[in-house]
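> Fold the stuff below for me.
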Amino acid sequence: MMSINAIFDVAGSAMSAQSVRLNTVASNLANAQSASSSVGGTYRARHPIFAPIHDAAMNGESGFGADDGASAGVQVLGVVESQAPLEPRYEPTHPLADEKGYVYYPNVNVVEEMADMISASRSFQINVQIAEAAKTLSQRVLALGQ
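Have a look, this model is predicted:
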């Protein structure tokens, strides 16, 4: 059986993960048009990697009060760089052009990043609503004892 407090842990971990996701989207969008004179110096899109957290289930606990799998949170394992190809553009007059006249731009897809931003924002907002609902439930339980 999941306690009401576990709801706050789950929603909190989700909000934290979505904050990381929003930060990487912001970084990607900020660098979407940053130019470089070499492949090695070009910004590459970054994406967070999420994994589930199963507190009591991971520890092998069972029985009354143990985690039934419903109170799984989320954790950020790390942030990885995209391996998608960079965008070389032939711009011989650009101050950062290499000896062949190419300037390298990041592998950031602005449309995908905007969709990811909307998704992360909505996920964060939903988890705020879940935490608010759990708070209301807790207050109602406390009011029963009066």
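> Model confidence score at Ser3, please.
Per-residue confidence for Ser3 comes out at a pLDDT of 76.
> Ala133: which element?
helix 110-144 (DSSP states H and E).
> any idea how far Ala11 is from the nearest residue to His54 once chain neighbours are set aside?
Closest residue to His54 in three dimensions, ignoring its sequence neighbours and counting by C-beta to C-beta, 6 or more residues apart in numbering: Ala72, at 4.8 Å. Every C-beta, even on glycine, is put in place using the N, C-alpha and C of the backbone. Using C-beta to C-beta, to the nearest Å, one obtains 12 Å as the distance from Ala72 to Ala11.
> Quick one: name whatever helix or strand follows the helix or strand of the chain with the lowest mean pLDDT.
Comparing helices and strands within the chain by mean pLDDT, DSSP states H and E singles out helix 55-58 as the least confident, with a mean of 54. Downstream of helix 55-58, the next assigned helix or strand under DSSP H and E is strand 73-81.
> That following strand versus helix 110-144: what angle between them?
Strand 73-81 and helix 110-144 are oriented at 160 degrees to each other (axes from the mean of the first three to the mean of the last three C-alpha atoms, to 10 degrees).
> Would you check that the residue nearest to His54 makes contact with Ile53?
Yes. Using C-beta atoms under 8 Å, Ala72 and Ile53 qualify as a contacting pair, with a distance of 5.9 Å.
> These two: which is more packed in?
The neighbour comparison of Ala72 against Ile53 (other C-beta atoms under 10 Å) goes to Ala72, with 18 against 15.
> Please tell me how far that one sits from Val10.
Ala72 is 7 Å from Val10, by C-beta to C-beta.
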